[in-house]
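>>> need a 3D model of the sequence below.
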Amino acid sequence: MPHHKRAELLEAATAFCSSFAQKKPLDEILSHFSSSSSSSSSSSSSSSPDILAYEHGLKELAPFLGREFRGRAGVRLYFETVASFLNYEDMRFADYVVDAAEDRVAVRGTATFTWVATGESWGEVFAYALKFDEGRKVTRYEIWADSGAAYLASKGQLQRLRDEKAG
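Numbers count the residues shown, from 1 in each chain. Have a look, this model is predicted:
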């Protein structure tokens, strides 16, 4: 596997993660996603129906969990939905793992998240799995995060649980 392909994938993943961590405008974040349509896709939604954002977790815990956000419009909706419920600070990424044969990059992130409606915050370690097309644009964006903390924060119960455990 050519070394330049690995370096290009790492550069593309780092650029995407940096734009998100730096809270760049949504259009800039979306510029890291593929815009090519798959002719074999059966979806008739917006352009690029083959791209996907998917945050793992029970869909009953938060509106952005456990559902597929497909196409460019779907990925935009995913980011808009997350932003309507969560704020984040001090986002950092490390431990990038590149699979050049499969055009994939995995990365670990950390941040402090706050559920907007309740103001409850928690520190979290999360993981991204990114799949890229030939142009080094994201076609698949999967997230594994602490859905339990998000759910408790959404109900205003996270701090109470911490207080009970500390007492």
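
>>> show me where this protein has its strands.
52-55, 69-70, 86-99, 104-115, 121-132, 138-144 (DSSP state E).

>>> distance to Ala62, mean pLDDT and mean neighbour count for the ones you listed - can I get that in TSV?
Any C-beta I mention is one placed from the backbone N, CA and C, and that applies to glycine too. Shown next, in TSV, are those (distance: least, Cβ to Cβ, whole Å; pLDDT from 0 to 100; neighbours: other Cβ atoms under 10 Å):
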stretch	distance to Ala62	mean pLDDT	mean neighbour count
strand 52-55	8	98	22
strand 69-70	13	96	22
strand 86-99	9	98	14
strand 104-115	9	98	18
strand 121-132	13	98	17
strand 138-144	12	98	19
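
>>> Tyr151: which of these is closest?
strand 104-115 (9.2 Å; Cβ to Cβ).

>>> give the pairing partners of the closest one; include direction for each.
strand 86-99 (antiparallel), strand 121-132 (antiparallel) (DSSP bridges).

>>> relative to the whole chain's centre, how far out is it?
Chain-centre distance of strand 104-115: 8 Å, with Cα atoms, centre = their mean, to the nearest Å.

>>> want to try TSV for the strands of the chain, with distance to Ala7 as columns?
Formatted as TSV, these follow (distance: least, Cβ to Cβ, whole Å):
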stretch	distance to Ala7
strand 52-55	25
strand 69-70	29
strand 86-99	9
strand 104-115	12
strand 121-132	13
strand 138-144	17
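
>>> if we can go back for a sec, out of the strands paired with strand 104-115, which is closest to Gly57?
With Cβ to Cβ as the criterion, Gly57 lies closest to strand 121-132 of the strands paired with strand 104-115, at 11.1 Å.

>>> ok, residues contacting that closest one?
9, 12-13, 16-17, 93, 102-115, 138-146, 149-150, 153, 158 (Cβ atoms under 8 Å, 6 or more residues apart in numbering).

>>> contacting residues around the residue nearest to the spatial centre of the chain?
Among the residues of the chain, Ile143 comes closest to the average C-alpha position under Cα atoms, centre = their mean, at 4.9 Å. Going by Cβ under 8 Å, 6+ apart, Ile143 touches 53-56, 126-128.

>>> sorry, back to before: for Pro25, find the nearest of the strands of the chain.
strand 86-99 (15.6 Å).

>>> run the chain-centre distance for that closest one.
On Cα atoms, centre = their mean, the centre of strand 86-99 falls 9 Å from the chain's centre.

>>> quick one: mean pLDDT for stretch 10-26?
Mean pLDDT, stretch 10-26: 97.

>>> list the buried residues for it?
10, 12-13, 16-17, 19-20 (16 or more other Cβ atoms under 10 Å).
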